[in-house]
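1. give me coordinates for this.
(2 chains)
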Amino acid sequence: MNPRKGRQRAVHSGAESGNPRKVGREDVQASEDEPSRKALEYSKFYGGKVGFAPRVPVRSLQDFSIWYTPGVAAVSKAIEADPGLSFEYTGRWNTIAIVTDGTRVLGLGNIGPEGALPVMEGKALIYNYLGGVNALPLPVRAKSADELVSLVKAMEPSLGGVNLEDIESPKCFDVLDRLREEMGIPVWHDDQQGTAGVTLAALFNALEVTGRELRGTRIVLYGAGAANVAAERLLAQAGADPRDIIVVDSKGILHPERDDIDQLMLKNKWKYEIAIRTNGDRAKGTLKDALDGADVLVAAARQGPDAIRPDEVGVMNKRAIAFFLANPVPEMLPAEAQAAGVEVVATGRSDFPNQVNNSLLFPAIFRGALDVRAKTITDAMVIEAATELASFAREKGIGSEYILPTMVQWEVYPRVATKVGQAAVHEGVARRRLSAKESMHAAMASIERSRKVMNALRDGGVIADPPE
Amino acid sequence: MVIRHARKEDVDAISELIVRTKRLNNEFDPLFAVTPDAKERAEKYVQATLSAPENLLLVALEGRKVVGVLRAEMRERIFYEPRTEGRVTDFYILPEHRRKALGDEMIQQAAAELKSMGAEIMVADVPAQNEIANRFYVKRGFRALINQFAKRP
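-> Numbers count the residues shown, from 1 in each chain, chains lettered A, B, ... in the order given. Here you go, the predicted model:
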């Protein structure tokens, strides 16, 4: 039996490849059932989504005298003399850990580290398949930010980078800031930088479609958790005027005289600073007050489909842009937003047009960062990545239903990785100063290798197709 | 930015800020739970402060808006020398005017005025857990004088 029978090659290009069907209210709620059933069944069948695979041949047991003692001691001594060689002589250069404390997993909340493991495994698989990155799923038992910081720092010698995931806010800001400061390898919190980066890419093209510039555009961020706190910072770095941004949370518009402002100063300094920096007109009130005359809404707030009402988006400016990023059910359904006058709508779902999906970014970000042995991932690197994502879609032809590449357009990954690597070199955070051509070559090699491994394992029957 | 003595027309704005200081204190300890009628009480407190010559009430203004307040009162120290103290009881600056040396200016002006009113030392009351306020005073040469302990009997 041909193990590839019935398998679709996930290689397409062009805007036509993202061609989701129209989805209604009932579909949104029902569409989780089938994947849920399969996920349970398949997870048990395979016993885990990722695992170690050797990178070296074992021609005979004699080879272990090279890979292990006595030969390996020479490698250890060389690394002892120059710890930087650990990036050359071991798999460290291409290894990251996906670390979570399980306190805010998907929309499920605090389900603990064991509960988070399947999610981290899934992420590791995406890192591997789309970015050629060797990612270790590592949920940990850590009660406090201090404990989490200390655990992650202790793992640094084995890693080329760290992906923080699904950590509750505001702890996640503290942990990320401290680890970025204290570690010599890139630390990335995908719920902050990843979501904000893809949002920025989507916004670049939505602005183009509606004939706007980022500077001067009035933006409302609904929700002040990980994604939008990072989005505000990234938008400002990319050229938006923070005074034109209004952040709204469950208590209404954020402004420096809100009743809870001193509480924020003590418990969430990131939100506190946003309250002071944004909202130049010092608007007060509700989401609808904020949206009055706004050009853009980025909602990363809470499950829909009725978290935002048509009359709220209805007061936005002409040719409005609205992103509803809650998963699995967006704050508002695209068709309803469009009926209320919004021109460009994006969600986190693949069955609607314009999926704002972190998976478009994180594999490429780390691919590029690892290939140049980056010490960190700066906001400038994320903005470069977002710009390249947007450029890729523009080359295919953007419109109100196509502002971002889709995951099947895999050529985008090495391109974004190259830009990230180049930005790292430019920012002075790269240990290896690769040229753009070398960066592209390195990214392609790693990504293609992962695909070849997958194909070989499937062709060889090591990875069987799932039970029917 | 102008710092001047408070006037009757400032009472409402000052009362708002006084309530904010109390709410901020509540962040540090549940024994500072703010009463529902705190605003009305604050208005009476401010009015009483304005009418008593042994009190000092300074406001900082941006344009016509009150953005900061400092209230202090003169007290006699019965058993100790120096004999008179100027005690800062309430001090609040709206968030967007912080970290711009306004606090410094207000405390310096208060020090000068309390001195001219006869104060030989200046003291300030802050919640024990308010590290920001503690650092503010220590940085300006103050030292902790009394620890106040509390529990429900």
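
2. any weak-confidence spans in the chain?
-> Picked chain A for this. Within chain A, the segments meeting pLDDT under 70 span A:1-23, A:28-31.

3. what residues does it have near chain B?
-> The interface of chain A toward chain B, taken as CB under 8 Å from any CB of the partner chain, is made up of A:Pro256, A:Glu257, A:Asp259, A:Ile261, A:Asp262, A:Gln263, A:Met265, A:Leu266, A:Lys267, A:Tyr272, A:Ala275, A:Ile276. In short, each C-beta sits where N, CA and C put it, glycine included.

4. with adjacent residues omitted, what lies nearest to the residue most central in space within chain B?
-> In chain B, the residue lying closest to the centroid (CA atoms, centre = their mean) is B:Asp90, at 2.1 Å. Computed as CB to CB, 6 or more residues apart in numbering or on different chains, the closest residue to B:Asp90 that is not its neighbour in sequence is B:Arg71, at 4.1 Å.

5. cool, A:Leu148 as well?
-> In space, and not counting its chain neighbours, A:Leu148 is closest to A:Ala142: 4.0 Å by CB to CB, 6+ apart.

6. number of nearby residues for the residue lying closest to A:Ile463 once chain neighbours are set aside?
-> Nearest residue to A:Ile463 in three dimensions, chain neighbours excluded: A:Leu457, at 4.5 Å (CB to CB, 6+ apart). Counted with other CB atoms under 10 Å in any protein chain shown, the neighbours of A:Leu457 add up to 14.

7. surely A:Gln192 touches A:Asp174?
-> No: using CB atoms under 8 Å, A:Gln192 makes no contact with A:Asp174, being 11.7 Å away.

8. between the two, which one's more packed in?
-> Counted by other CB under 10 Å, A:Gln192 and A:Asp174 do not tie: A:Gln192 has more neighbours, with 26 against 19.

9. helix, strand or coil for that one?
-> Three-state call for A:Gln192 (DSSP: H, G, I helix; E, B strand; the rest coil): helix.

10. mind listing what it touches?
-> Going by CB atoms under 8 Å, 6 or more residues apart in numbering or on different chains, A:Gln192 touches A:Cys172, A:Phe173, A:Leu176, A:Ala226, A:Ala227, A:Val229, A:Ala230.

11. go again using 10 Å as the cut-off
-> Contact analysis of A:Gln192 by CB atoms under 10 Å, 6 or more residues apart in numbering or on different chains lists A:164, A:167, A:169, A:172-173, A:176, A:225-231, A:233-234, A:270, A:382.

12. and B:Lys151, by the same measure?
-> Residues in contact with B:Lys151, defined by CB under 10 Å, 6+ apart, are B:Leu31.

13. which of the three states applies to the nearest residue in space to B:Val138 that is not next to it in sequence?
-> Nearest in space to B:Val138, with sequence neighbours left out and distances taken as CB to CB, 6+ apart, is B:Ala144 at 7.9 Å. Classification of B:Ala144 using three-state DSSP returns coil.

14. dihedrals phi and psi, B:Ala144?
-> Dihedral pair for B:Ala144: phi -70, psi 130, per degrees, to the nearest 10.

15. on that earlier part again, what number of residues lie near the residue nearest to A:Leu148?
-> Residues near A:Ala142, counting by other CB under 10 Å: 22.

16. secondary structure element holding it?
-> Assessed by DSSP states H and E, A:Ala142 sits outside every helix and strand.

17. picking up where we left off before, ok, the residue nearest to B:Val138 touching B:Asp125?
-> No: judged on CB atoms under 10 Å, B:Ala144 makes no contact with B:Asp125 at a distance of 11.5 Å.

18. between those two, point out the one with more neighbours.
-> Under the criterion of other CB under 10 Å, the comparison of B:Ala144 against B:Asp125 puts B:Asp125 first, with 13 against 10.

19. which residue sits closest to the more buried one in space, ignoring its chain neighbours?
-> B:Thr89 (5.8 Å).

20. contacting residues for the one you found?
-> Counted by CB under 10 Å, 6+ apart, B:Thr89 has contacts B:18, B:21, B:45, B:49, B:55-56, B:70-73, B:75, B:123-125.

21. please, which helix or strand holds it?
-> strand B:84-93.

22. who are the packing partners of whichever helix or strand comes after that strand?
-> Using DSSP H and E, the helix or strand that follows strand B:84-93 in sequence is helix B:102-116. Packing partners of helix B:102-116 (3 or more CB pairs under 10 Å, 6 or more residues apart in numbering or on different chains; DSSP states H and E): strand B:2-5, strand B:55-62, strand B:65-76, strand B:84-93, strand B:121-124, helix B:131-139.

23. would you format these as a markdown table with mean pLDDT included?
-> Below are the helices and strands packed on helix B:102-116 laid out as a markdown table (pLDDT from 0 to 100):
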| stretch | mean pLDDT |
| --- | --- |
| strand B:2-5 | 98 |
| strand B:55-62 | 98 |
| strand B:65-76 | 98 |
| strand B:84-93 | 98 |
| strand B:121-124 | 98 |
| helix B:131-139 | 96 |
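
24. A:Lys123 contacts A:Asp166, doesn't it?
-> Yes: with contact defined as CB under 10 Å, A:Lys123 reaches A:Asp166; the gap is 9.3 Å.

25. these two: which is more packed in?
-> A:Asp166 (29 against 24).

26. ok, now how distant is that one from B:Arg71?
-> According to CB to CB, to the nearest Å, A:Asp166 stands 47 Å off from B:Arg71.

27. related to what we said a few turns ago, quick one, what contacts the residue nearest to B:Asp90?
-> With contact set as CB under 10 Å, 6+ apart, B:Arg71 has these partners: B:6, B:14, B:17-18, B:21, B:45-46, B:49, B:55-59, B:87-92, B:110.

28. in the stretch 301-450 of chain A, what residue lies closest to chain B?
-> Going by CB to the nearest CB, chain B is nearest to A:Asp379 of the stretch 301-450 of chain A, at 22.7 Å.

29. from A:Ser158, how far out is the residue nearest to A:Leu148?
-> 18 Å.

30. same check, this time on A:Ser65
-> For A:Ser65 relative to A:Ser158 (CB to CB), the value is 24 Å.

31. next: A:Glu121.
-> With distances defined as CB to CB, the gap from A:Glu121 to A:Ser158 amounts to 19 Å.

32. likewise A:Asp351?
-> For A:Asp351 relative to A:Ser158 (CB to CB), the value is 39 Å.

33. what does A:Phe352 give?
-> Counting by CB to CB, the gap from A:Phe352 to A:Ser158 is 40 Å.

34. neighbour count for these two, which is higher?
-> Neighbour count, other CB under 10 Å: between A:Phe352 and A:Ser158, A:Phe352 has more, with 21 against 13.

35. which non-adjacent residue is nearest the more buried one?
-> Closest to A:Phe352 by CB to CB, 6+ apart is A:Pro334, at 5.2 Å.

36. of all the residues in stretch A:430-447, which ones are buried?
-> Within stretch A:430-447, the residues scored as buried using 16 or more other CB atoms under 10 Å in any protein chain shown are A:Ala430, A:Arg432, A:Leu434, A:Ser439, A:Met440, A:Ala442, A:Ala443, A:Met444, A:Ser446, A:Ile447.
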